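Participant: prediction below, plus the sequence it came from.
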Amino acid sequence: MKLVILILSSIATYVKTDTLLCSEYLVSGFHGVEDEALTASSVHDHPIDCSPRNGRLFYPGDDFLPKRLGGWISNVIDTDQFIQVTFHVDTIVTGVTIQGRYRDFNQWVKSYYVLHSMDNVTWTTVMSQNGSPRLFNGNTDMNTPVTSSVTPNITARHLRINPRTWEWYPTMRFDVSGCQIKQQIGGLSEYELKNVTLSEKMGNHTVFSLMSSRSVVDCGAMCHGHITCMSFAYEAPNGVPKCTGYDAWIVVHESSTSSMDVFVNKDMLDTYGYREDQEAAILYNIVEVRQDQGSAAKTCTSMYTRLMVVDTLTRMEGLNRIIAKYYVLIQDFRYFVAGTYTSTVWSYLGDTGDVIDSDLWSPGNPDQGQGHCVMLTQTGLASVDCQEQLFAICGN
C-alpha cells in the first residue's frame with residue numbers, strides 16, 4: 001500500500017490544552033512501555049532471567065529457553081533496592097498495584113515507598129500527611145494484586161518502587177494507574193492517506209464541503225485551518241475538484257473504487273494512541289478506564305471516533321488476538337463495543353438498518369434480561385447491563 005503523508009504548517013498557532021490519556025495499566029497495558037523502560041537497582045544472579053522486564057503485573061514467566069521468572073528479584077537484600085519505570089511522557093500517577101512472584105517460592109513485597117522524578121536525577125519520596133515517607137501496604141501472598149492510591153496525585157517521568165519489607169526476597173510485579181500528558185504541536189499537522197472509504201455516517205460529521213479546491217494540498221490546508229477538522233476527502237468527479245472536511249474519522253476499511261483520497265490527521269491518531277491492524281482491517285484504541293457504556297461512548301467521541309462496530313468474524317478474531325497479547329487485559333475479557341437493544345432489535349447504532357449478525361453472538365446470547373448493551377468477550381459478543389463498569393474499544 002502506498003503511504004502518502006501531507007505535512008502542513010500555518011503562521012497561526014492554536015492554543016490547545018494538553019490531552020490526558022488515562023489508563024489503569026500505564027506499564028503493561030495497551031499504552032504501556034517497552035521492556036527497556038523497566039530498570040532496577042540490581043537483578044538476582046540466577047540461570048533463570050529475573051530482570052525487571054519480568055516485573056509486569058500478571059506476567060507468568062516463560063518456561064521456554066531462555067527461561068524467564070514471573071517477577072523481578074533483586075540481587076541484594078536490603079532497603080536500597082528498587083524497580084523503576086520511565087514513562088514516554090510526563091505522567092500523572094494516581095495509583096500503584098503490586099504482586100509477588102508468580103509461582104514456586106513464597107516471595108513478595110510486604111511494604112514499600114514510592115519515589116518520583118522528572119529528570120532521573122533528583123528523586124522525591126511520596127510523603128504521608130505527618131511529613132514522613134508514606135509506607136504503602138504490599139502483598140500477603142504471591143498472586144493477589146494489591147492496589148494503593150497515590151493521593152495527592154503526583155506528576156512524574158520516572159517512578160520507583162522501593163521495597164521496605166518483604167517475604168524472603170524483594171520480589172514483585174507491578175503496574176501504575178494514571179494519565180499520560182500528551183502535548184500537541186500548534187500550527188503543524190500531518191495527514192496520512194488511508195486505503196479506506198468513508199462511512200455513510202460521516203455525513204453527520206461534516207465541517208466544510210467545497211467544490212473549488214484546486215489540489216489535495218489546498219484541501220489539506222483548508223482542513224488544517226479548521227481546528228475541529230480531523231480528516232478530509234478529496235475527489236474530482238467529472239474533473240470538478242471537491243474537498244470535504246470532517247470532525248471524525250469514521251471509515252470503512254475496504255479498497256476505494258472511486259478517485260477519492262481520504263486523509264486522516266496522523267498527529268491526532270498518535271496523540272490518542274490509535275493503532276492499525278491491516279489483517280483485521282481496523283483502526284482501534286483500547287480505553288483502559290472502567291466506566292459505564294454511556295461514558296465509554298463519550299470517551300470515544302472525545303477521541304473523534306466511536307465504540308467499535310464488530311460486524312465481521314474477521315474483525316472479532318482480530319480484536320481477540322490483539323487483546324490476548326496483554327496479560328493485564330485478559331484478566332477481565334469484557335469490553336464495551338457498539339450495540340444496543342432497541343424496539344426488540346439488537347443493532348449497532350440504535351436503528352434497525354444495522355442488525356447484529358446472529359453468528360457473532362457467544363453461546364446463550366443475546367439476552368435482554370442481562371442488559372441492553374453489547375460487550376466483546378473471548379467467545380463472541382454478549383449482552384450486558386449498560387451500567388456495568390468495563391473497559392471499551394474505540395475505532396473503525
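Facilitator: That came through fine. Numbering: from 1, shown residues only.

Participant: where does the protein dip in pLDDT?
Facilitator: Residue ranges of the chain with pLDDT under 70: 1-17, 184-188, 195-202, 213, 250-260, 350-353.

Participant: need the strands for the stretch 101-250 of the chain, in chain order.
Facilitator: For the stretch 101-250 of the chain, the strands defined by DSSP state E, counting those that start in this stretch occupy 108-117, 124-125, 136-137, 146-167, 171-182, 188-194, 197-198, 206-210, 231-235, 242-246.

Participant: now those strands in CSV, with mean neighbour count and distance to A221?
Facilitator: From N, CA and C alone the C-beta is placed, and that goes for glycine too. Converted to CSV, the strands of the stretch 101-250 of the chain look like this (neighbours: other CB atoms under 10 Å; distance: least, CB to CB, whole Å):
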stretch, mean neighbour count, distance to A221
strand 108-117, 21, 42
strand 124-125, 13, 46
strand 136-137, 16, 52
strand 146-167, 18, 35
strand 171-182, 24, 25
strand 188-194, 21, 10
strand 197-198, 19, 20
strand 206-210, 14, 12
strand 231-235, 24, 10
strand 242-246, 24, 10
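
Participant: okay, these in a markdown table with distance to T91 next?
Facilitator: Output for those, formatted as a markdown table (distance: least, CB to CB, whole Å):
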| stretch | distance to T91 |
| --- | --- |
| strand 108-117 | 9 |
| strand 124-125 | 15 |
| strand 136-137 | 18 |
| strand 146-167 | 6 |
| strand 171-182 | 5 |
| strand 188-194 | 24 |
| strand 197-198 | 35 |
| strand 206-210 | 32 |
| strand 231-235 | 29 |
| strand 242-246 | 31 |
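
Participant: for R101, which of the ones you listed is the nearest?
Facilitator: Nearest of these to R101, taken as CB to CB: strand 171-182 at 4.6 Å.

Participant: all helices of the chain, in order?
Facilitator: In the chain, the helices defined using DSSP state H lie at 216-224, 266-272, 293-302, 313-323.

Participant: for Q389, which of the ones you listed is the nearest?
Facilitator: Taking CB to CB, helix 293-302 is the member of these nearest to Q389, at 9.2 Å.

Participant: so for that closest one, what gets flagged as buried?
Facilitator: Neighbour counts over helix 293-302 (16 or more other CB atoms under 10 Å) mark Q293, A296, A297, T299, C300 as buried.

Participant: pull the distance from that helix to the chain's centre.
Facilitator: From the chain centre to the centre of helix 293-302 is a distance of 14 Å (CA atoms, centre = their mean, to the nearest Å).

Participant: same question, stretch 97-111
Facilitator: Taking mean C-alpha positions (CA atoms, centre = their mean), stretch 97-111 and its chain are 27 Å apart.

Participant: mind checking how far L26 is from R334?
Facilitator: In this view, L26 and R334 are 21 Å apart by CB to CB, to the nearest Å.

Participant: who has more neighbours, the two?
Facilitator: L26 (27 against 15; other CB atoms under 10 Å).

Participant: possible to save the helices of the chain as JSON lines with distance to E190?
Facilitator: Below are these laid out as JSON lines (distance: least, CB to CB, whole Å):
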{"stretch": "helix 216-224", "distance to E190": "10"}
{"stretch": "helix 266-272", "distance to E190": "4"}
{"stretch": "helix 293-302", "distance to E190": "21"}
{"stretch": "helix 313-323", "distance to E190": "24"}
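
Participant: deepest-packed of those helices, please.
Facilitator: A comparison of the helices of the chain by mean neighbour count, using mean count of other CB atoms under 10 Å, puts helix 216-224 on top with a mean of 21.

Participant: about what we covered before: looking at the helices of the chain, which is nearest to D359?
Facilitator: When these are compared (using CB to CB), the closest one is helix 313-323, at 6.9 Å.

Participant: the closest one packs against which elements?
Facilitator: strand 282-291, strand 373-377 (3 or more CB pairs under 8 Å, 6 or more residues apart in numbering; DSSP states H and E).

Participant: so what touches that helix?
Facilitator: 277, 279-282, 284, 286, 308, 310, 329-330, 333, 335, 359-360, 376, 378, 380-381, 393 (CB atoms under 8 Å, 6 or more residues apart in numbering).

Participant: closest to C386 out of the helices of the chain?
Facilitator: So among the helices of the chain, helix 293-302 is nearest, using CB to CB, at 4.3 Å.

Participant: what's in contact with the closest one?
Facilitator: Here helix 293-302 has contacts from 285, 287, 289, 291, 306-307, 336, 373, 384, 386-388, 390, 392, 394, using CB under 8 Å, 6+ apart.

Participant: tilt between it and strand 373-377?
Facilitator: 80 degrees (axes from the mean of the first three to the mean of the last three CA atoms, to 10 degrees).
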